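[1] Show me how the following folds:
(one chain, ligands or ions: 1)
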Amino acid sequence: MTVIRPGDEFLREPYWQHLAEGTLHLNCCNDCGSAHHPPSPICPKCRSFNTGWKPATGKGTLKSFAVARHAVHPLLADQVPYVITLVDLEEGVRMVSGIPQGMDVDLKIGMPLECKVIRIDDRLALPYFLPVDEAGNATTEVPD
Ligand SMILES: [Zn+2]
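    Alright, predicted model coming up:
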């Protein structure tokens with residue numbers, strides 16, 4: 001699979017490092033407790049510089065989705081069509097994600113989702129949000 005890698009940027013390095021270790025972490029304010037994404041050196045709610053990283057629950061709901069049928073970058077030409085999702089996490093953060101190639105998932109706005117960190121290679125892992133039932137059990141299986 002062709003991957004467009006994230007650029008080197010010190011603010012986001014912990015985000016990618018935690019994903020490479022298999023967990024989704026969010027940038028959080030140590031003063032007011034709010035979570036933010038993308039990471040910021042300043043809390044957007046209380047303007048504190050006292051920020052850090054906390055593990056996310058990985059639980060969220062599907063806010064919206066779209067199917068990309070035209071590659072927005074030449075490196076993605078072999079992947080169209082692909083699904084782009086907009087996910088609202090329990091922590092109050094909204095993230096852009098997608099559905100892994102090869103998965104046939106019936107998406108419905110408002111459905112519960114849970115994060116599954118999928119390793120792309122030895123340096124990169126990405127957070128995907130996949131459907132779960134009301135008990136939190138996965139309703140789809142990630143292909144190898
Ligand atoms: Zn704050």
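
[2] going forward, measure contacts and count neighbours with C-alpha atoms only.
    OK.

[3] how far away is the residue positioned nearest the centre of the chain from Cys43?
    Closest residue to the average C-alpha location of the chain: Pro127 at 4.1 Å, with C-alpha atoms, centre = their mean. The span separating Pro127 from Cys43 equals 23 Å under the rule C-alpha to C-alpha, to the nearest Å.

[4] May I ask you to confirm that Val105 is in contact with Ala138?
    No: contact status for Val105 versus Ala138: not in contact, 11.5 Å apart, counting by C-alpha atoms under 8 Å.

[5] Packing partners of the helix or strand of the chain with the lowest mean pLDDT?
    Least confident helix or strand of the chain, by mean pLDDT, DSSP states H and E, is helix 13-20 with a mean of 92. Helix 13-20 sits against strand 25-29, strand 125-131, with contacts defined as 3 or more C-alpha pairs under 8 Å, 6 or more residues apart in numbering; DSSP states H and E.

[6] State the mean pLDDT of the first one.
    Think strand 25-29. When pLDDT is averaged along strand 25-29, the result is 97.

[7] Which neighbouring elements make contact with that strand?
    For strand 25-29, the helices and strands in contact under the criterion 3+ C-alpha pairs under 8 Å, 6+ apart are helix 13-20, strand 35-36, strand 51-55.
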